[in-house]
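Asker: This is the structure alone, sequence omitted:
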């Protein structure tokens, strides 16, 4: 497995991250930790919509340092950046720990949709990238997929969105087990007098 320093170097070399003083050797995690999930929504106007940054971490770290938005509205559609499912220091790597990590990720997705004027019921498409067989989960692929389906059903009800699930060797986030990206159809509520 690639070290965090090697990963940073590879990303800089590939043009994914800009080198500079703001980029530390030990990159902070993009996983939302408890206490970092308080809504402090920043909206940046864009042609046809807006960038939505639901928390201070989304604004300062992810947008300003890593150069991506947590959510972007374009007309009636809301596009969310991938949310990482992964272990934080001290968390286990068994099925129950993985389910807790999934719940944290789905809660982040739910929060980002809410900040964008959408809900889980508005999700029309999902893309999920999954690492199978790594050291961060002790179960096999079937156990990982069963846990994913169980927790997904806690947050999403029928009719379900389309979904593409792809197995990958590793994610950019060290320790990441899955990355979930969604698109929602949520026409902006019009306000005004009749």
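Answerer: Thanks, I have the structure now. Remember, it's a predicted structure, so these values are computed and weren't measured experimentally. Numbers count the residues shown, from 1 in each chain.
Asker: Pull the number of nearby residues for residue 90.
Answerer: 5 (other Cβ atoms under 10 Å). C-betas here are computed from N, CA, C, even on glycine.
Asker: sorry, that was for residue 75
Answerer: 10.
Asker: And the nearest residue to it once chain neighbours are set aside, how close does it get to residue 57?
Answerer: Sequence neighbours aside, residue 48 is the residue nearest to residue 75 in space, at 5.6 Å (criterion: Cβ to Cβ, 6 or more residues apart in numbering). Taking Cβ to Cβ, to the nearest Å as the measure, residue 48 falls 26 Å from residue 57.
Asker: Give the residue from these two that has the larger number of neighbours.
Answerer: Each of residue 48 and residue 57 has its neighbours counted (other Cβ under 10 Å); residue 57 has more, 21 against 10.
Asker: what sits up against the strand or helix carrying that one?
Answerer: For residue 57, the element it lies in under DSSP states H and E is helix 56-57. With Cβ atoms under 8 Å, 6 or more residues apart in numbering as the contact definition, helix 56-57 has outside contacts at 32, 36, 38, 40.
Asker: Among the residues you listed, which one sits closest to residue 141?
Answerer: When the contacts of helix 56-57 are ranked by distance to residue 141 (Cβ to Cβ), residue 32 comes first, at 25.8 Å.
Asker: Please name the residues that touch the spatially most central residue of the chain.
Answerer: Central residue of the chain (Cα atoms, centre = their mean): residue 83, 1.0 Å from the mean position. Residue 83 makes contact with 32, 105, 108, 109, 112, 179, 180, 181, according to Cβ under 8 Å, 6+ apart.
Asker: 7 Å instead, please
Answerer: Neighbouring residues of residue 83 by Cβ atoms under 7 Å, 6 or more residues apart in numbering: 105, 108, 109, 179, 180.
Asker: now the residues you listed as CSV including secondary structure, neighbour count and distance to residue 143?
Answerer: As requested, the contacts of residue 83 are exported to CSV (DSSP: H, G, I helix; E, B strand; the rest coil; neighbours: other Cβ atoms under 10 Å; distance: Cβ to Cβ, whole Å):
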residue, secondary structure, neighbour count, distance to residue 143
105, helix, 24, 17
108, helix, 23, 23
109, helix, 23, 22
179, strand, 23, 19
180, strand, 23, 18
